[in-house]
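1. need coordinates for the following:
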Amino acid sequence: MLDVFDIKGIIHFGIAGNTNNSMSIGDVTIPNRVAHTGIWDWVNPNSTVDPADVAQLDIGSYNVPKGSGINLLGHIGNNKEQFYSVSGEPNVAERLLWAKITPHWLRLASGLEGIKLEQCVNSSLCLPEKPKLVVGLRASTANIFVDNAAYRDFLFQQFGVSSADMESAAVVLTSLSNGFPVIVIRGLSDLAGNQQGDNAWSKFGSLAALNSVKAVLGFISKLPHARSATN
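-> Now for the predicted structure:
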């Protein structure tokens, strides 16, 4: 799309798992940066993780085999992303952990805090509190659907992220590497494994998606070209 169409920037939106206990299902997060938390070095139990890795995880702490054996998956360490930018040296990668959202778009989005979001899926299924929109937290992306309380805590403690999804980092990195403004808007659909019983996504995924769309429309209305078009 960036190569073929006359695009001014990318507004990426959808749903995500909630990894921050101060946030709730139905809330909308507009992060100020995104990390790819799925780039792992795997080493066996008798080896050590590269000290340059930004986070380390002992598989045995999350998945202990039955009986007296050890978990042969061993350890993993998280690498930084290789980032190629139009503003950098051609064909030379920059080591990058956090891909930052475009600052002036983030400032525009800050005006959305206080927006009215939906609290009920229908007349018989409602959230206990009114959802809120928060700008400026951190987000994570990996190729997994997080539904594990221990791993959820690991993401929050090691990276300080408030949401986990499967797409945002790729979209942000692609936009920034080509010099286009980008913003991420995510409705929180579940607790990423911190719940009792079934994952809440099946009940509240549609509500989280609707609230993210409300935020997207609110953000579009704040863009300069949108205001001039309506005047």
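2. what ranges do the helices span in this structure?
-> 103-109, 149-159, 168-177, 201-222, 224-230 (DSSP state H).
3. identify whichever of the ones you listed lies nearest to S124.
-> With C-beta to C-beta as the criterion, S124 lies closest to helix 201-222 of the helices of the chain, at 11.2 Å. Glycine gets a C-beta too; all of them are placed from N, C-alpha and C.
4. which stretches of this structure have low pLDDT?
-> Scanning the chain for pLDDT under 70 picks out 68, 226-231.
5. repeat the analysis, applying 90 as the threshold.
-> Scanning the chain with the threshold set as pLDDT under 90 gives 40-53, 56-77, 79, 85-91, 196-198, 224-231.
6. so what's the residue count around the nearest residue to R186 once chain neighbours are set aside?
-> Distance criterion C-beta to C-beta, 6 or more residues apart in numbering; nearest residue to R186, sequence neighbours excluded, is A16 at 4.0 Å. When counting by other C-beta atoms under 10 Å, one arrives at 30 neighbours for A16.
7. ok, R95 next?
-> 11.
8. that older thread, of the helices of the chain, which stretch is the most buried?
-> The highest mean neighbour count among the helices of the chain, using mean count of other C-beta atoms under 10 Å, belongs to helix 168-177: a mean of 21.
9. and the gap between the residue nearest to V134 when sequence neighbours are not counted and S110?
-> Of all residues not flanking V134 in the chain, T29 sits nearest, at 5.6 Å (C-beta to C-beta, 6+ apart). Distance from T29 to S110, counting by C-beta to C-beta, to the nearest Å: 13 Å.
10. next one: L217
-> Applying C-beta to C-beta, the value for L217 to S110 is 16 Å.
11. do the same with S221
-> 14 Å.
12. please name the bridge partners of the residue nearest to V134.
-> Going by DSSP bridges, T29 is paired in beta bridges with V134, R186.
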